[in-house]
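*Asks:* A structural model of the following input is requested.
(one chain, ligands or ions: 1)
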Amino acid sequence: MLENQVNYIREITELIPETAIILGSGLGRLAERVRDKITVSYADIPDFPVSTAPLHKGELILGYLEDKCVLLFNGRLHLYEGYTPQEAVMTVRLAKALGAKNIILTNASGVINKSFKCGDIMLISDHISCFVPSPLIGKNDDSLGVRFPDMSAVYNKNIRTLAKKIAKGLDVTLREGVYVQLTGPQFESPAEIKMLASLGADTVGMSTVIEAIAAKHSGLKVCGLSVIANYACGILDKPLTAEEVAESTEKAAPEFEMMIRGLIRTL
Ligand code: HPA
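*Replies:* Got it, this is the predicted structure:
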């Protein structure tokens, strides 16, 4: 399956990306900045899932950002769309197979840690997978990685140091913390948010952790960046909507883009 996907892309382009980026909800604008790009619809890639989530275009883009060869997935594959964990990480495995060394996983999240604010960007230092099945369940592909991969340092320390330096230079408030993934698509209940707080989570969302697990398994260097879009359920006394999440992610997008560009330049 993966081989067919790689062959399909290789018939179109020889470009070898250094860094792959999975764009989260409302962060798709970065795709417009890629120079000399080749765009491939997910629907045209053999056996590749299509993006059905709102604001997720479903396009693979290979081209140049900051004069570096990059691979963008403009459209994430989520468990709540009905995809298996293995299908949902096909982006990560394709990135590795096309030659990427680094992967930047981006998302919009709800904030649990009350010292963080909406609009802040959080560098993911670690994660919690909560009631989410592992993408590594099933026969292990030994050519990708080991059966029991270590998860003690999923988010690359050097990249995190770099991200902090870049944020300082740009005068961007960069938080650092633990991201928890649930399956969604429903937002959490107040009781669930209390539980997640007691588990040590700073932000919550419906993606990223399974991708980070697959990326670490296959030897990619991982960076996770989360735009804090909203206060998690129960923190404010009002219902949460997808529209609110999209609106605040959009607002934070310019700073977010500067961070990504800075990372691409220096990685
Ligand atoms: N919960 C889950 N996923 C999210 C949230 C949230 O509050 N905000 C953005 N994605």
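
*Asks:* what about the strands in the stretch 151-267 of the chain?
*Replies:* With DSSP state E, counting those that start in this stretch as the criterion, the stretch 151-267 of the chain has strands at 174-181, 203-205, 221-231.

*Asks:* element containing the residue most central in space within the chain, please.
*Replies:* With distances taken as CA atoms, centre = their mean, the residue of the chain nearest its centroid is Leu105 (2.6 Å). Assigned by DSSP states H and E, Leu105 belongs to strand 102-111.

*Asks:* elements contacting that strand?
*Replies:* Under the contact criterion of 3 or more CB pairs under 8 Å, 6 or more residues apart in numbering; DSSP states H and E, strand 102-111 touches strand 19-22, strand 203-205, helix 209-217, strand 221-231, helix 242-266. Glycine gets a C-beta too; all of them are placed from N, C-alpha and C.

*Asks:* tabulate the ones you listed in a markdown table, adding columns for distance to Ala31, mean neighbour count and mean pLDDT.
*Replies:* Shown next, in a markdown table, are those (distance: least, CB to CB, whole Å; neighbours: other CB atoms under 10 Å; pLDDT from 0 to 100):
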| stretch | distance to Ala31 | mean neighbour count | mean pLDDT |
| --- | --- | --- | --- |
| strand 19-22 | 9 | 26 | 98 |
| strand 203-205 | 20 | 26 | 98 |
| helix 209-217 | 18 | 27 | 98 |
| strand 221-231 | 16 | 25 | 97 |
| helix 242-266 | 11 | 18 | 91 |
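
*Asks:* circling back: and the ligand, is the strand holding Leu105 touching that?
*Replies:* Yes - shown here: strand 102-111 in contact with the ligand (CB under 6 Å from any ligand atom) through 108-110.

*Asks:* what mean pLDDT does that strand have?
*Replies:* Mean pLDDT, computed over strand 102-111, is 97.

*Asks:* return the alpha-carbon coordinates of it using CSV.
*Replies:* Only the C-alpha atoms of strand 102-111 are listed here, as CSV (Å, rounded to 0.1, in the frame of the first residue of the first chain):
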residue,chain,number,x,y,z
ASN,A,102,11.6,15.9,10.6
ILE,A,103,7.9,16.2,11.1
ILE,A,104,6.0,19.2,12.5
LEU,A,105,2.6,18.2,13.8
THR,A,106,0.2,21.2,14.3
ASN,A,107,-3.2,21.5,15.8
ALA,A,108,-5.8,23.7,17.4
SER,A,109,-6.5,22.8,21.0
GLY,A,110,-8.6,23.6,24.0
VAL,A,111,-6.8,24.8,27.1
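
*Asks:* run through the residues that contact the closest residue to the ligand within the chain.
*Replies:* Closest approach of the chain to the ligand (CB to the nearest ligand atom) occurs at Gly110, with a separation of 2.1 Å. Applying CB atoms under 8 Å, 6 or more residues apart in numbering to Gly110 gives the contacts 187-188, 203-205, 228-233, 240, 245.

*Asks:* Ile159 too?
*Replies:* Residues near Ile159 by CB under 8 Å, 6+ apart: 102, 221-223, 263, 267.

*Asks:* let's see it at 10 Å
*Replies:* Contacts for Ile159 were tallied using CB atoms under 10 Å, 6 or more residues apart in numbering; they are 19, 102-104, 123, 221-224, 263, 266-267.

*Asks:* which of the residues you listed sit farthest apart?
*Replies:* When CB to CB is used, the two most widely separated members of the contacts of Ile159 are Gly224 and Thr266, lying 17.0 Å apart.

*Asks:* sorry, back to before: between the helices and strands packed on strand 102-111, which one is nearest to Lys165?
*Replies:* Across those, Lys165 has its closest neighbour in helix 242-266 (8.3 Å, CB to CB).

*Asks:* now do the worst-scoring helix or strand of the chain on mean pLDDT: distance to the chain's middle.
*Replies:* The weakest-scoring helix or strand in the chain, judged by mean pLDDT, DSSP states H and E, is helix 242-266 (a mean of 91). On the basis of CA atoms, centre = their mean, to the nearest Å, helix 242-266 sits 12 Å off its chain's mean C-alpha point.
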